[in-house]
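**Q** Next input, structure requested:
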Amino acid sequence: MHSNDSPSIGIAKPPSPPPPPPPAIKKDPNPIPVPKPPIVASTGPTGAFVVDLLIFSGSPFKDHWTYWVRSHANPDIGVLLHATGDVINGFVFEIKRRHDFRRTHNRPTTRIPLQWVNAKHFDEEAMFDRQRNDSIPVCAFEAGVYKVAAPGKSLNDVNDKARETFTRRVLLLKCPMLISEVPTAQDKSSKKITQRNSQTWIIESARQLAEEGIFTTTLPLISKPLNSKDSWK
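**A** Numbering: from 1, shown residues only. Down below sits the predicted model:
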């Protein structure tokens, strides 16, 4: 017998595919235009409150929009109402009572006065009793915006596409016969999703307030469609 001193020859395993690149951040192709500030008088009816639209920079993502009910004592103290969250995890309705911008670093980049709102739609004592976060309406104005549900999830995880690409690469190398059984993003859903966020919630709730006679129907937030590309006038 002759010993076989030649090295054993095995089947080389295919190299592991490289990890997928991080998803690129794409600029929103159809941003909601910032409304042109309406003409709001410096003083209003007795007891009325000015309601502002606050815009916080969200770069490179969408800006965050909120309502701001100014206190009578100081324009930097007020009640902030918004839908907080993101399109991946969904949003929740939140009220920040007696919020003081003089004591926070997170200040809005833009403040747009919307209109004076009659005092009968507010409960000043309950709204400004103390500084706290809340989700329970205490007046007609808060109840009006609360009727519009905060946006739910409207965007798949940005990593879904990368995971899908990685899985298909692995199967292509190891089990090419199974590649056709992995659904693509197009296979999973061909239905167009309307993406709701803090901005669309503000517009929808402004329309709700107009229906209840709290906001005027001529407010720019109400008169333009959500997908309008024109400047609001």
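**Q** Not counting its neighbours along the chain, what's nearest Ser135?
**A** For Ser135, ignoring the flanking residues on the chain, the nearest one in space by Cβ to Cβ, 6 or more residues apart in numbering is Phe93 at 5.6 Å. For the C-beta atoms, the positions are set from N, CA and C on the backbone; glycine is no exception.
**Q** Could you look up the SS state of that neighbour?
**A** strand (DSSP: H, G, I helix; E, B strand; the rest coil).
**Q** That one reaches Asn133, doesn't it?
**A** No. Between Phe93 and Asn133 there is no contact under Cβ atoms under 8 Å: 11.0 Å.
**Q** quick one: which of these two has more around it?
**A** Phe93 (21 against 11; other Cβ atoms under 10 Å).
**Q** Can you give me the distance of the more buried one to Val148?
**A** For Phe93, the distance to Val148 (Cβ to Cβ, to the nearest Å) stands at 9 Å.
**Q** What segments of the protein are strands?
**A** Assigned strands in the chain, in chain order: 49-56, 64-70, 77-86, 90-100, 110-117, 132-134 (criterion: DSSP state E).
**Q** what residue ranges in the protein score low on pLDDT?
**A** 1-14, 20-33, 35, 155-194, 223-233 (pLDDT under 70).
**Q** Now do the contacts for Ala150.
**A** Ala83, Gly85, Gly90, Phe91, Val92, Phe93, Trp201 (Cβ atoms under 8 Å, 6 or more residues apart in numbering).
**Q** oh, I was asking about Asn118
**A** Pro45, Gly47, Ala48, Ile214.
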